[in-house]
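Trainee: Sharing a model prediction with you, sequence too.
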Amino acid sequence: MQTKLFIAIILATRVSARFFDFSHQKQPQKPAAYEANALLSDCNNYVCPDTLACVDAPNKCSCPFPSSQLRCMLPNSEYVCISRPAGDFNERYDDPATNWKVDAKDDNVRDCGWVLRVYNGKI
């Protein structure tokens, strides 16, 4: 009787481990379609990794979600995309041509000015 109970417990454990992927055997991979689109692009310049857009240089890439993200340029010519600050900021962050220049000068407001202060080690 104890042997049957032991076997049932072992089987149940293995089933739940497979069901919930407790063994973490499957590593996340990029979809094949993404790779195919990137490799088959007719772009002669630079293909942005996030959007697969063809641009002149890496610093011209846009954020994947421009309506809800700010594209903040770093001094090393790279960029990061961050969520737009929440709150009433009088639409200061609405224009993608200028929203990266806005600095609330408040460490509680996460905008591109905040990103530069973090990058420079001031926060």
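Mentor: Yes, it's here.
Trainee: which ones are touching the most centrally placed residue in the chain?
Mentor: In the chain, the residue lying closest to the centroid (Cα atoms, centre = their mean) is C81, at 7.6 Å. By Cβ atoms under 8 Å, 6 or more residues apart in numbering, the contact set of C81 is D50, C63, P64, F65, Q69, L70, R71, C72. All C-beta spots, glycine's among them, are computed from the backbone N, C-alpha and C.
Trainee: do the same with C48
Mentor: C48 makes contact with C54, V55, P58, C61, S62, according to Cβ under 8 Å, 6+ apart.
Trainee: repeat that for 7 Å
Mentor: Contact analysis of C48 by Cβ atoms under 7 Å, 6 or more residues apart in numbering lists V55, C61.
Trainee: Please name the residues that touch A97.
Mentor: Applying Cβ under 7 Å, 6+ apart, no residues contact A97.
Trainee: After the strand or helix carrying Y34, which helix or strand is next? Please name it.
Mentor: Using DSSP states H and E, Y34 sits within helix 32-39. Later in the chain than helix 32-39, the nearest helix or strand by DSSP H and E is strand 46-47.
Trainee: May I have the strands that pair with the very next helix or strand once past that following strand, each with its orientation?
Mentor: Proceeding N to C from strand 46-47, the next assigned helix or strand is strand 54-55, under DSSP H and E. Using DSSP bridges, strand 54-55 pairs in its sheet with strand 46-47 (antiparallel).
Trainee: Among the contacts of C81, name the buried ones.
Mentor: Neighbour counting with 16 or more other Cβ atoms under 10 Å marks C63, Q69, L70, R71, C72 as buried within the contacts of C81.
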